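Undergrad: Here is a sequence together with a model predicted from it:
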Amino acid sequence: MKTYLVSTDPDMFNAVVSVLKQQGIAITKQMDVIGILSVSCRPDQKAIVEQIPGVMAVEEEGTSFAL
């Protein structure tokens, strides 16, 4: 499992959270900044997260994260 930071369109945030839960992808932390959350998933699931409508970027935690 890897931890990824997910940047979302703030207007789509709740929909993204809903889809992540449906896919069984664990949300490990919701950041104070609206629209950013941390998820834990297998590297092959990263592609699923990237395809969710409203997701703007998925970066491995610990790498620089451009907003």
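TA: Perfect, thanks for sending it.

Undergrad: buried sites along the helix or strand hosting Glu50?
TA: Assessed by DSSP states H and E, Glu50 sits inside helix 46-51. Buried residues in helix 46-51, counting neighbours by 16 or more other C-beta atoms under 10 Å, are found at 46, 48-49. Heads up, the C-betas are built off the backbone N, CA and C, glycines and all.

Undergrad: Quick one: residues contacting Thr28.
TA: Thr28 makes contact with 3, 38-40, according to C-beta atoms under 8 Å, 6 or more residues apart in numbering.

Undergrad: top of those residues by neighbour count?
TA: Val39 (24 neighbours; other C-beta atoms under 10 Å).

Undergrad: So what's the gap between the longest helix anywhere in the chain and the chain middle?
TA: Ranked by residue count, the top helix of the chain under DSSP state H comes out as helix 13-22. Chain-centre distance of helix 13-22: 9 Å, with C-alpha atoms, centre = their mean, to the nearest Å.

Undergrad: For the helix or strand following it, give the mean pLDDT please.
TA: Downstream of helix 13-22, the first helix or strand assigned by DSSP H and E is strand 26-30. Per-region confidence: strand 26-30 scores 91 on mean pLDDT.

Undergrad: Name every strand pairing with strand 26-30 and say which way it goes.
TA: Sheet pairing here is set by DSSP bridges, and for strand 26-30 it gives strand 36-41 (antiparallel).

Undergrad: what residues are up against the nearest residue to Met1 once chain neighbours are set aside?
TA: Take Met1 and drop its neighbours on the chain: the residue closest to it by C-beta to C-beta, 6 or more residues apart in numbering is Ser40, 5.2 Å away. Shown in contact with Ser40 (C-beta under 8 Å, 6+ apart): 1-4, 25-26, 28.

Undergrad: Let's see that with 10 Å instead.
TA: Ser40 sits next to 1-4, 25-29, 61 when contact means C-beta atoms under 10 Å, 6 or more residues apart in numbering.
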